[in-house]
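Asks: After the sequence you'll find the predicted model.
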Amino acid sequence: MSFDVPDACTLPTAERPLRLAEFDDLFATAVHRVDPVSATRARLHLTGPAGLAARVRDLAARENECCSFFTFITIPEPATDGEAVVLDIEVPAAHADVLAYLAQRAGAVSTGGDVMSLEIRPPADAAGALAAVAGLPDGSAGSADAR
């Protein structure tokens with residue numbers, strides 16, 4: 001199975017697995033809750049060491065450069081140790097399946113789950129980091145090499 005990248009995505013194919021790995025690392029190390037607010041909006045709750053907010057803002061900004069349909073809003077939260085951030089992610093209705101996959105992947109990776117067994121399959125219009133959901137440069141699925 002391959003994925004068609006929408007015109008809004010400009011991330012070079014060779015960089016997609018790297019971006020996906022960055023998202024997965026953030027999900028694994030910082031996400032502690034994922035709230036699907038609506039079909040077009042999700043909220044990720046993150047905690048981590050000092051510098052987390054800057055890391056989240058940087059990754060969101062770089063993803064928005066190549067996938068302009070994403071809207072990312074970072075909201076600092078009080079934390080007793082390190083930093084806490086809420087990341088709101090919103091997409092137009094046409095990209096709701098991309099957001100659903102991202103939210104489900106964030107939840108799975110943050111709990112040590114297997115992304116290959118996600119209920120929601122990678123959408124046909126997956127973009128940026130999500131276009132390479134299997135961690136393959138061409139965006140094809142079916143490899144156990146997925147992160």
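Replies: Here it is on my side, so go on.

Asks: rest of the way, CA atoms for contacts and neighbours
Replies: Will do.

Asks: can you list the residues that contact stretch 26-39?
Replies: 42-48, 93, 96, 99-100, 103, 106-107, 109-112 (CA atoms under 8 Å, 6 or more residues apart in numbering).

Asks: How about N64: what's its closest non-neighbour residue?
Replies: F70 (5.9 Å; CA to CA, 6 or more residues apart in numbering).

Asks: And the pLDDT at the one you found?
Replies: With respect to pLDDT, F70 has a value of 91.

Asks: Quick check, it in contact with A93.
Replies: No. Applying CA atoms under 8 Å as the test, F70 and A93 come out as separate, 11.1 Å apart.

Asks: neighbour-wise, which of those two wins?
Replies: F70 (23 against 12; other CA atoms under 10 Å).

Asks: list the contacts for that one?
Replies: 63-64, 89-92.

Asks: Show me which of these is closest to L20.
Replies: Taking CA to CA as the measure, L20 lies nearest E63 of these, at 10.2 Å.

Asks: T71 touches L87, doesn't it?
Replies: No. Assessed by CA under 8 Å, T71 is found out of contact with L87, at 10.1 Å.

Asks: okay, the two: which has more neighbours?
Replies: L87 (22 against 16).

Asks: So what sits opposite that one in the bridge?
Replies: Under DSSP bridges, the beta-bridge partners of L87 are L44, T74.

Asks: Need the nearest residue in space to V31, chain neighbours excluded.
Replies: L46 (4.3 Å).

Asks: can you check R43 too?
Replies: D88 (4.5 Å).
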